[in-house]
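# Quick one: sequence and predicted model below, then my questions.
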Amino acid sequence: MLETASQHQLHSALKTYFGYDTFRGQQQEIIENVLQKKDTLVIMPTGGGKSICFQIPAVVLEGLTLVISPLIALMKDQVDGLNANGIKASFYNSSQTSQEQQSIIEKVITKEIKLLYVAPESLSGLENLVNEKYISCVAIDEAHCISSWGHDFRPSYQQLGFLKKRLPNTPIIALTATADKATRQDIVEQLQMPDADQFISSFDRKNIELEVRPADARAKQIVSFIKKHPGQSGIVYCLSRKNTEQIAKKLNDNGINSDCYHAGLSFDDRTRVQEDFIFDKTQVVCATVAFGMGIDKSNVRWVIHHNMPKNIEGYYQEIGRSGRDGLKAKAVLFHSYADVIQLRKFATGATNEDVQIAKLERMKQFSEATTCRRKILLSYFGELLAENCGNCDVCKNPPKFFDGTVIAQKILSTITRVEQQEATGTIIDVLRGANNANVLEKGLNRVKTFGIGHDISWKDWQQYIIQLINQGICEIAFHKNNTLQLTDFSEKVLFKGLKVYLTYPVHINEKAKTPAAVKTKAVNSNSLFERLRKLRYRISLEENLPAYLIFNDATLKEMERVRPMSESEFLSISGVGQRKMEVYGDEFIAEILDFIGSKVKKPKKTDTHLVTYELYKSGLSIEEISLQRKLKAPTVYSHIAKLYSDGKAINIYDFVSKSDVEAVHQAKIELDSPKTLKDYFDYFNEQMDYFKIRLALSVIDKDD
Ligand code: ADP
Ligand code: ZN
């Protein structure tokens, strides 16, 4: 049990600073462990909520929490996010002048800040501060960087062992999303915390829907996918710079605001692209894998892989950048054999060629799976899923098998007749009887099977061949120009009656669905959510703070559902803490009231105010009406205002005083009939309730 801080204290900190009511997963146990001064290793997937595991201890503990973080680019956003939540934090790195650095050191000494983010390279500048007099906790973010096993190894992380020596009684919490055992072992050894308690969360990201599609007409498919998800942020990962540029252009040509990002751009350009994306100014970024390391943006709604990633770790990390807010997200991977061949080429000759090729093979198996994809993914990370996930394309649309023996025989006999000298494309050309130069030059039009498969499309033949390869019925010789070869199974299929079961090829018919889908979405652009999103965007520009740091999408969704109309209701929304309520509450409440107001005026809307009128006439008070109708009091007041405007018999001065009406009238004249209630609210220095302003206006407008 906790001695240092009570459970109540933790929950209260969670709500006050972060606006959340409950801890997620193992967060609370982790925090309690740290507060008991125990070293802690946290393995949690991206978006799992690692930050809170050291940020809550930081606000509860007496001194400073030192956060080691590898990415200078990320520090600013993290610190801005903390400050927006009312937590004093700073960062210390090489991007700052020595004056700025000095002032930060002073803030630590005077205990003005609770968290300090520092890059490992810059730690030496804080020599005098690494002392238990100042520091209560050390957090090591992206801790896998310490291990040369990991994929992001950083030599500067390897000196961090000195922290334990210098701060023997201070708890260290190391966090990472990379799970494997070797890396874990390395982390605890190098940080000199062999007895650290380990908290390993499930790797499952249930909210991300998985889908794999065959790679035909990729650009077209991508355009229609995005059009079906208007306004949603997303990333398209490509293998080459050229691809990123081509796709970005195609998207822009189709009216989708997008940018490309790759290592060939200047540092400034890359920074700009990243910032615009974070600020929701750019909807889509087409990027090589380098993009995303520095991105904490929680409202990335989808990730598309234009090309196949080279291993499952990379794939999982990249799709993990979507749906961090826990709302639904989509991951679409285009599977192409050409990519597999290309990636094999890259791997060939590398020092760890075998490992790379084995990893690529697992990636390929995932892409070609005919069973639940999430099961395959999680099993790769050593986690077993008992049930099928229900949120992948295979679960949603299980493949239908049919007897494909004849199809297989046609393919195998063509391979035999071209003496195993041709690659997939030529085999298909022969099957379909194509009279192209390649076929004619080699005299393949004289092969006996020439044209026996003209009734099946090129793409479908391709998918059937891939299925045969997956079943080991034929194979690709990567070292012999990717020619198709026979295997032991081939003979059994050709001559010994072995049956082959194939699945029907997948045809993505985006087009048919598109128009209707776009239409419904277009109507939704007037939704309360869209209005709140626009307001958030405006504030984000004014304050130069990324939109997702103001409120994440999950919080806006809840506002849309609950429609908070008072401060206390607003504070009850998940993701609204004390400071954000104080700073942003009024504007968001005003937007919601405005939205409700404009809805009520719509003729088709049920005449809900008339129901209120009946209750009013029967003598009920506002509280009684709101209780009975399960409406918030401000809504009932807005009904009263409307009823009065409509000329119904309402004793309006029971609800608003004459002097208030006069004051509002005065404001109206001085402000020259402003558009929003918020303008009045500001005019009265937030001292007059919204509902009173609304009631007063109904009197004034009627008198006019
Ligand atoms: P990670 O660092 O593990 O990738 P973050 O710490 O950035 O994840 O958290 C991901 C998202 O989840 C953030 O938007 C964060 O505010 C939100 N979050 C974290 N903890 C909770 C919680 N207890 N309840 C609701 N949302 C949470
Ligand atoms: Zn599944």
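It's in. Numbers count the residues shown, from 1 in each chain. Ligands and ions are numbered 1, 2, ... in the order given.

# and the residue of the stretch 101-250 of the chain found nearest ligand 1, backbone torsions?
Nearest residue of the stretch 101-250 of the chain to ligand 1: residue 177, at 6.7 Å (CB to the nearest ligand atom). The C-beta positions use only the backbone N, C-alpha and C, and glycine is treated the same way. Backbone torsions for residue 177, taken as degrees, to the nearest 10, come to phi -100, psi 10.

# ok, now which ones touch it?
Taking CB atoms under 8 Å, 6 or more residues apart in numbering as the contact definition, residue 177 lies against 43, 44, 45, 46, 48, 50, 144, 317, 320.

# from these, which ones fall inside strands?
If you go by DSSP state E, those have residue 43 in strands.

# Let me know the closest of the contacts of residue 177 to ligand 1.
Once CB to the nearest ligand atom is applied, the member of the contacts of residue 177 that ends up nearest ligand 1 is residue 50, at 3.4 Å.

# Just the CA atoms of stretch 697-704, as PDB, please.
What follows is stretch 697-704, C-alpha atoms only, in PDB (Å, rounded to 0.1, in the frame of the first residue of the first chain):
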ATOM      1  CA  LEU A 697     -31.500  39.300 -25.700                       C
ATOM      2  CA  SER A 698     -34.900  37.600 -26.200                       C
ATOM      3  CA  VAL A 699     -36.500  40.600 -24.400                       C
ATOM      4  CA  ILE A 700     -34.400  43.200 -26.300                       C
ATOM      5  CA  ASP A 701     -34.900  41.600 -29.700                       C
ATOM      6  CA  LYS A 702     -38.700  41.400 -29.100                       C
ATOM      7  CA  ASP A 703     -38.800  45.000 -28.100                       C
ATOM      8  CA  ASP A 704     -36.800  46.100 -31.100                       C
END
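
# Centre of the chain to it, how far?
How far stretch 697-704 lies from its chain's middle: 48 Å, per CA atoms, centre = their mean, to the nearest Å.

# same thing with stretch 114-129?
Its chain's C-alpha centre and that of stretch 114-129 lie 30 Å apart, by CA atoms, centre = their mean.

# what's the answer for stretch 198-206, then?
Offset of stretch 198-206 from its chain centre (CA atoms, centre = their mean): 17 Å.

# repeat for stretch 565-575
The answer for stretch 565-575 is 24 Å, by CA atoms, centre = their mean.

# what about it, how long is it end to end?
Start-to-end span of stretch 565-575 (CA to CA, to the nearest Å) is 16 Å.

# What residues sit buried inside that stretch?
Going by neighbour count (16 or more other CB atoms under 10 Å), the buried part of stretch 565-575 is 565, 566, 569, 570, 571, 572, 573, 574, 575.

# Return the residues in contact with residue 593.
Residues in contact with residue 593 (CB under 8 Å, 6+ apart) are 565, 634, 638, 677, 690, 694.

# whoops, I mixed them up, residue 490
412, 415, 473, 474.

# Need the per-residue pLDDT for the closest residue to ligand 2 within the stretch 551-700 of the chain.
Closest contact between the stretch 551-700 of the chain and ligand 2, by CB to the ion, is at residue 554 (23.4 Å). Looking at residue 554, its pLDDT reads 92.
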